[in-house]
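> Sequence and predicted structure are below.
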Amino acid sequence: TIEGVLSLEDITRLTDIDQIHRTLEIIHQREKEVDDELGKCVEDSEVAESNLDLIETLPRRLKNVFLDSKSLSKTISEACVLAENVSKKVRDLDGIRAKVKEATKKTEDILDIKSCVEGVAVAMEKEEYEVACNHVAKYRGMDSGMLEASSLALLRSAETKLKDIVLAKLESAVAANDEKQVLRFCALFGPLGMGDEGMEQYARFAQRLIAIDAGAIHKQLLKSLGHSYHPQTEGEESLSCVDAITRLFETIAGFIDERSATVEMNFGPGKIVHLIRGLQSQTDIHAVKILDLFYEHYNINRMVDDIGNSKRKDATSSIDAKDMAPLLDEIALMSQSAELFDRFIRNLAKSSIEKLKDPNEISTSTSTFKLKDGLVHVSSLNQRMQELIGQYLSIEQFFLQESVKKAIKLDELIPDSLISSSVDHVFFVLQKCEQRAFLTCNLPAVCAAVNLIITALTRDFREILQRNLADHFSGRSMMGRSGQDHHKLGYQTILNNLEVSSEYIFKLKKEMEVECIRVFGAVDPKMKSLLDELSETSASFKKILESDLEQIANSLTPKIKMYMDVFGTISYEISDVDFSEREVNDPFIQHFMSNMDTLLRPYKSTLTVPNYDELVQAVAKFVCNRLENEIFKKKFNQLGGLQFDKELRILQNYFGSLTTKIIRDKFARLTQMAGLLYLERVEEVLEYWGQKSGHMTWRLTPGEVRKVLSLRSDFSRESIAQLK
């Protein structure tokens, strides 16, 4: 049998012609497959025969390759032997050359020793101490084992003598305040193996120079403040504490800046840090002295105590806040000078350390110094300035609160202005507080000051405005303890104060963002949080304003309803004659606009433009809602729909002329209703619906569209229901 085919015996038994045909087709198909397989086998046999022929020729070819490989291996072996012989000779030559080099060096060292012995004596005799120190440095770099005892003794004796001379010359130069000679002899400590001591000697001398200049500044300050037995002479410069401390910082910073390159050249990279450390400690001493005088002159500690006592409920404050502004300005300027000086020395020290291959060369055994700049982490000056900033903030808080209270107490209408005097006065004080804070260049102080501003706005100013408005709308009188009326302002003025205050807060926030980037390079996350809080404060003023403007709009609604009653009586199932008659004798729109002009005119002259815009928007919203409700009580024909559309356009243009804001969105639903009401056929709506709506966004739902179309008395219910 064949797979898929019956056996021959079975085939002979077949009687059904269809089955015989199917069997025959299977046999033919199988026959074709067998032929294809036989053809492939023949092709494969030809390839196999070709490969066998190639294999038969391989032994002859491989024999030649084997002979060539054997010859190449012999040649390589001979080359290896030759290379090994050459390499051995080269190694021998290298050894000989190293010995020659060593012998040459010893010869040179012997000559150098002789030169050093002779050169040191000659140079010292001629007082050429730099040359003598170079000879000593050269000898110190030699192997002492190869020096003769006599030469070694001479050189050591010369070194000791040279050290004594250099120290003596240095002492003389220090006594004479001769900086050039001090630098010269301090630099010679390096070749003598005492480089760090030389740097320390120069740093101590620099402290001495600075102490002289600082003493002169302090003496002049004492005269200026009247604390000296030597009175200030006529024409002599008068110094304030700010001038004194700024001059001290400028003197020290200038000293460091002018000598940084010289120090690096004479003492090595990174050594400027040692000088800065010494001068930082000197700065602490003299700057703190100036701060002590400042505290004493202004009696700051007592002032802060008095402020703390004044916060008690039973206390009567005798402190005059107006005298605090100059003091606060001086503290801010002193903080600025201290912060800028601190940044300067730390940046210079840090950049110097970064140039070193091993920054740990500058580190010390104490944890007092920072690894990045090698300076004291928190100096005495830093600590004292932090204390002063804390007291500055206490004084600033009191000054801010008292100034805001005074501005509110003396609040009055400004001629030819829509706001009262308190707004400009309060925000002038707040802006000065903000500017003063940034003047300190101290980020924590800035953050604290912004927090004070937010508190003053929300607790002191906003609550007063809100309470005044509440009293106005409730009809209560603002009577103080004395029985006098403290509320001299109309509620429109208070609304204007809220609007302008909200805008001023927003501007203040923007100004702070710019100042943050200018002073600190970026907006700190904590500062950003405070600025966000300031934005929320501005929004809270807006929220109160919107609520009260809505109350005004609600108070106007009874009259507006009365003006719109006429609309409810007008029919919009009109003829051509009626349509023409409406052109001449309009029963509603002109009278309505005239009444609205009369109603809104007082507010236009008493509210700021943004406030008046908000009021018009609220009124327009009410009018649109009222019209929409009335429309569904009416029936329209096409001419009525056209008439309503025309009246709606006039009304929209009218409200648009009253405000600087876009009013179209308030009339969007009504406009779409009017468009539906003047269609010729129901099916026309499909030309504007769905994908065919283009750029228009439908404000009506499908159900509302059908409801509006059902207002047309000439449209059949069946046609409207069939819309999809």
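Arrived safely. Residues are numbered from 1 along each chain as shown.
> Spit out the contact partners of residue 457.
Applying C-beta atoms under 8 Å, 6 or more residues apart in numbering to residue 457 gives the contacts 430, 501, 505, 537. For the C-beta atoms, the positions are set from N, CA and C on the backbone; glycine is no exception.
> which one of these is nearest residue 616?
Residue 616 lies nearest to residue 501 out of the contacts of residue 457, by C-beta to C-beta, at 21.4 Å.
> Run through the stretch 251-400 of the chain and note the low-pLDDT ranges.
Within the stretch 251-400 of the chain, the ranges that satisfy pLDDT under 70 run 313-318, 357-373.
> One more pass at 80, please.
Scanning the stretch 251-400 of the chain for pLDDT under 80 picks out 310-322, 355-374, 376-378.
> Show the buried residues in the contacts of residue 457.
Buried by 16 or more other C-beta atoms under 10 Å: 430, 501, 505, 537, out of the contacts of residue 457.
> Out of these, which sit inside strands?
Members of the buried ones among the contacts of residue 457 lying in strands (criterion: DSSP state E): none.
> farthest-separated two in these?
430 and 537, at 11.2 Å, using C-beta to C-beta across these.
> Distance to residue 521 for the buried ones among the contacts of residue 457 - can I get that in TSV?
Output for the buried ones among the contacts of residue 457, formatted as TSV (distance: C-beta to C-beta, whole Å):
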residue	distance to residue 521
430	25
501	31
505	25
537	26
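> on that earlier part again, save the contacts of residue 457 as CSV, and put in distance to residue 251 and pLDDT too.
Listed next are the contacts of residue 457 as CSV, based on distance: C-beta to C-beta, whole Å; pLDDT from 0 to 100:
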residue, distance to residue 251, pLDDT
430, 36, 94
501, 46, 94
505, 42, 95
537, 44, 94
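> with those residues in mind, which one is nearest to residue 659?
Of all these, residue 501 has the smallest distance to residue 659: 21.6 Å, by C-beta to C-beta.
> among the helices and strands of the protein, which has the poorest mean pLDDT?
Lowest mean confidence among the helices and strands of the chain (mean pLDDT, DSSP states H and E): helix 129-140, at a mean of 64.
> can you map out the helices along the stretch 351-500 of the chain?
With DSSP state H, counting those that start in this stretch as the criterion, the stretch 351-500 of the chain has helices at 380-409, 421-439, 443-455, 463-474, 491-520.
> so where do the helices sit in the stretch 51-200 of the chain?
Secondary structure of the stretch 51-200 of the chain (DSSP H, counting those that start in this stretch): helices at 129-140, 149-175, 179-187, 195-224.
> I figured residue 238 was touching residue 226, is that so?
No: counting by C-beta atoms under 8 Å, residue 238 sits too far from residue 226 to count as a contact (10.6 Å).
> ok so, going back, closest to residue 621 out of the buried ones among the contacts of residue 457?
Closest to residue 621 out of the buried ones among the contacts of residue 457 is residue 501 (25.1 Å), distances taken as C-beta to C-beta.
> Go ahead and confirm that closest one touches residue 541.
Yes: Residue 501 lies in contact with residue 541 (C-beta under 8 Å); the separation is 5.4 Å.
> what is in contact with these two at once?
With C-beta under 8 Å, 6+ apart, residue 501 and residue 541 have common neighbours residue 462.
> which SS class is residue 708?
Under DSSP: H, G, I helix; E, B strand; the rest coil, residue 708 falls in the helix class.
> So which of the buried ones among the contacts of residue 457 is the closest to residue 470?
Nearest member of these to residue 470, counting by C-beta to C-beta, is residue 501, at 16.7 Å.
> so what's that closest one up against?
Applying C-beta under 8 Å, 6+ apart, the residues contacting residue 501 are 423, 426-427, 457, 461-462, 465, 541.
> Turn the residues you listed into CSV, including pLDDT.
What follows is those, written out as CSV (pLDDT from 0 to 100):
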residue, pLDDT
423, 92
426, 93
427, 94
457, 93
461, 90
462, 88
465, 87
541, 92
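> If we only consider the residues you listed, which is nearest to residue 319?
Set against residue 319, the nearest of the contacts of residue 501 by C-beta to C-beta is residue 426 (19.8 Å).
> following the helix or strand encompassing residue 532, which helix or strand shows up next?
Following DSSP states H and E, one finds residue 532 within helix 525-569. Toward the C-terminal end, the helix or strand that comes next after helix 525-569 (DSSP H and E) is helix 576-584.
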